[in-house]
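A.B. asks: I need the structure of the sequence given here:
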Amino acid sequence: MANKGLGDATGQDLFVDAPTAQSETAPDYAGHRQRLRERFLTAGPGSLQDYELLELLLFMAQPRADTKPIAKALLRKFGSFAEVISANPDALRDVKGIGDAGVAALKAVQVAAQRLLQTKVREADVISSWNALIDYCTAKMAYNDVEQFRVLYLDRKNKLIADEEQQRGTVDHTPVYPREVVKRALELNASAIVMVHDKPLNLAA
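C.D. replies: Coordinates of the predicted model:
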């Protein structure tokens, strides 16, 4: 049975591009992987195109597969790197070559980006840092396929206490309950709130 994880019971590192048992030579894509890694480490992430960055992520999830066709298929389906990592897991699995390991690798990048931005917002004066706030809300909500209503609760110094999804609706509607927002603000002893409502980018999807 094929190993579907990132390591096996013997502790073998499946991130290493080793030849398979059926072949004494490394597959053609092994050299490409090494060159891509070296370019990323020496020239920086700006040297990679979107599909190459996706390849790099998928290397870790699929150590014995050519991930370039998968990366390009993802971009054809979703349009951009940001839309790929923000896509619904089931929609990602519809792309040939993407399984649970690939989904986990891509979604982990999305969560990491959100947490970095959340930390930046928490450490900043939110009201005087609208750019950071907008970047954070964009990462959280820009690629949703349904409407969402979020509430950011602030303390007396305008720093973030909590960021909560108050309601999630359909592709074109989300209910809002002001009483629940006020109740939660009192529970958190918040001095101010920021209410954020998004509209899905593609209502026809």
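
A.B. asks: what stretches of this structure score poorly on pLDDT?
C.D. replies: Residues of the chain meeting the criterion pLDDT under 70: 1-30, 123-128, 167-174, 200-205.

A.B. asks: check contacts around the residue nearest the centre of it.
C.D. replies: Geometric centre of the chain, nearest residue: Gln110, 1.6 Å, by Cα atoms, centre = their mean. Applying Cβ atoms under 8 Å, 6 or more residues apart in numbering, one finds that Gln110 lies in contact with Ile85, Ser86, Ala139. Any C-beta I mention is one placed from the backbone N, CA and C, and that applies to glycine too.

A.B. asks: what separates it from Ile85, distance-wise?
C.D. replies: To Ile85, Gln110 is 4 Å away according to Cβ to Cβ, to the nearest Å.

A.B. asks: Glu187: which of the contacts of Gln110 is nearest?
C.D. replies: Nearest to Glu187, judged by Cβ to Cβ, of the contacts of Gln110 is Ala139 at 26.1 Å.

A.B. asks: OK, contacts around Arg179?
C.D. replies: If a contact means Cβ under 8 Å, 6+ apart, then Arg179 has no contacts.

A.B. asks: where's it, which helix or strand?
C.D. replies: Element membership of Arg179, judged by DSSP states H and E, is helix 178-188.

A.B. asks: partners of the next helix or strand after that helix in the sheet?
C.D. replies: Using DSSP H and E, the helix or strand that directly follows helix 178-188 along the chain is strand 192-197. Paired strands of strand 192-197, with direction, are strand 148-154 (antiparallel) (DSSP bridges).

A.B. asks: Alpha carbons only: can I get the strand it pairs with in PDB?
C.D. replies: Extracted in PDB, the C-alpha atoms of strand 148-154 (Å, rounded to 0.1, in the frame of the first residue of the first chain):
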ATOM      1  CA  GLN A 148     -19.300  36.600   6.100                       C
ATOM      2  CA  PHE A 149     -19.700  39.100   8.900                       C
ATOM      3  CA  ARG A 150     -16.800  39.500  11.300                       C
ATOM      4  CA  VAL A 151     -16.400  41.600  14.300                       C
ATOM      5  CA  LEU A 152     -13.100  42.900  15.700                       C
ATOM      6  CA  TYR A 153     -13.300  43.900  19.400                       C
ATOM      7  CA  LEU A 154     -10.900  46.500  20.600                       C
END
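
A.B. asks: State the next helix or strand along the chain beyond it.
C.D. replies: strand 160-168.

A.B. asks: Would you mark the buried spots in stretch 183-202?
C.D. replies: By neighbour count on 16 or more other Cβ atoms under 10 Å, the buried set for stretch 183-202 is Arg184, Ala185, Ala190, Ile193, Val194, Val196, Asp198, Pro200.

A.B. asks: hmm, which two among those are most spread apart?
C.D. replies: That would be Ala190 and Pro200, which, of the buried residues of stretch 183-202, are the farthest apart (Cβ to Cβ) at 28.1 Å.

A.B. asks: domain parsing for this protein?
C.D. replies: 1-123, 140-197 (automatic domain parsing).

A.B. asks: ok so, going back, which among the contacts of Gln110 end up buried?
C.D. replies: Neighbour counting by 16+ other Cβ under 10 Å classes Ile85, Ser86, Ala139 among the contacts of Gln110 as buried.
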